[in-house]
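# This is a predicted model, with the sequence first.
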Amino acid sequence: MTIAEDQARFLRCIGEPTRLQIVGLLAKGERCVGELTSVLNKEQSLISHHLRALKECNIVKERQEAQKVYYKLTDVRLARLVIDCGALMKELQLCKCQEVNYERKGNQEGGEGEICRDS
């Protein structure tokens, strides 16, 4: 796999809204599944599913203490990434269109590229 393919896989993994919320909460510190379920107001099975996906991508790691499993980010830079992404979205008004459509358009070098346009 190339670096670009690895990056795309990583972004797909965190690109789901519930997963972004989980990463955002874990940016503030370690949490157990019950806390995440309560704060996000989602079913425990759904939170566990998303945590499993984040764990498979090495974004979160877990530790067990008695009956509870606690999750935290594997690297503090992941917290910074999510915080910076949120700031960019607000400041630059990125991806504000209701539905994103892609059209093929040649770029200046004469090749093909995709551009985002509002519907």
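That came through fine. Remember, it's a predicted structure, so these values are computed and weren't measured experimentally.
# and the residue lying closest to Lys42 once chain neighbours are set aside, how many neighbours?
Here the nearest residue to Lys42 in space, its sequence neighbours aside, is Thr18; by C-beta to C-beta, 6 or more residues apart in numbering that works out to 6.6 Å. C-beta coordinates here come from the backbone N, C-alpha and C atoms, glycine included. Residues lying near Thr18 (other C-beta atoms under 10 Å) number 15.
# quick one: Thr18 from Gly34, how far?
Thr18 sits 16 Å away from Gly34, going by C-beta to C-beta, to the nearest Å.
# Equivalent analysis for Leu78, please.
Taking C-beta to C-beta, one finds Leu78 at 22 Å from Gly34.
# These two: which has the busier surroundings?
Leu78 (19 against 12).
# check contacts around that one.
Applying C-beta atoms under 8 Å, 6 or more residues apart in numbering, we find Leu78 in contact with 23, 27, 59.
# I'd like the distance between Cys13 and Arg63.
21 Å.
# Would you mind identifying the next helix or strand past the one helix or strand Arg63 maps to?
In this assignment (DSSP states H and E), Arg63 forms part of strand 60-65. Moving toward the C-terminus from strand 60-65, the next helix or strand (DSSP H and E) is strand 68-73.
# what are the pairing partners of that next one, and which direction each?
Strand 68-73 pairs in its sheet with strand 31-32 (antiparallel), strand 60-65 (antiparallel), by DSSP bridges.
# what's the most buried one of the ones you listed?
strand 31-32 (a mean of 18; mean count of other C-beta atoms under 10 Å).
# Centre of the chain to that strand, how far?
How far strand 31-32 lies from its chain's middle: 18 Å, per C-alpha atoms, centre = their mean, to the nearest Å.
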